[in-house]
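S.K.: kindly generate the corresponding structure for this input.
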Amino acid sequence: MLIESYQKGGYQVLNIKEDLTISSDVSELKMLISGYMSRKVLNIALLFTKDSYLYTKSISILVQCLELVREHGGSLAIINPNEDIQDIMNTLDFNRVIRVFPSEDDIAPPAAAADQKGSA
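M.R.: Below is the predicted model:
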């Protein structure tokens, strides 16, 4: 799996450069996030391609990644999810536990986002 990684707005962005399909092996994503957790990089934002789709296997890995990040006191986010991913997130009620940023420019650290909600 081709993943570009960089820091932005208090998050480690994992830009997944290939489309997720039913045959994609996303277990590498969990191993990568686990490595960041062990290095105390606790806020992870995922950026999928516009043609990616979350199938059962990838949803399972995403849930495992969420649990891992939460166990370490971190935050998991998805940047600009396509309509299919957003529909899955809504159906599974992931929006309550996974932050969604409309774009990379909207990424803000978890504390800053909480402050913005409080002032709205």
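S.K.: CA only for contacts and neighbour counts going forward, please
M.R.: Fine.
S.K.: spatially nearest residue to Ser34, not counting backbone neighbours?
M.R.: Sequence neighbours aside, Leu68 is the residue nearest to Ser34 in space, at 7.2 Å (criterion: CA to CA, 6 or more residues apart in numbering).
S.K.: where does that neighbour land in three-state SS?
M.R.: helix (DSSP: H, G, I helix; E, B strand; the rest coil).
S.K.: for Gln12, see how far away it is.
M.R.: Distance of Leu68 to Gln12, given as CA to CA, to the nearest Å: 15 Å.
S.K.: what about the strands in the protein?
M.R.: Taking DSSP state E to define them, one finds strands in the chain at 3-8, 11-16, 43-47, 75-79, 99-101.
S.K.: could you say which of those is packed most deeply?
M.R.: Highest mean neighbour count among the strands of the chain (mean count of other CA atoms under 10 Å): strand 43-47, with a mean of 24.
S.K.: the inter-axis angle of that strand versus strand 3-8?
M.R.: When axes from the mean of the first three to the mean of the last three CA atoms, to 10 degrees is applied, the directions of strand 43-47 and strand 3-8 differ by 130 degrees.
S.K.: any residues touching strand 43-47, and which ones?
M.R.: Under the contact criterion CA atoms under 8 Å, 6 or more residues apart in numbering, strand 43-47 has outside partners 10-16, 33, 69, 74-81.
S.K.: enumerate every residue touching Leu29.
M.R.: The contact partners of Leu29, by CA under 8 Å, 6+ apart, come to Ile61.
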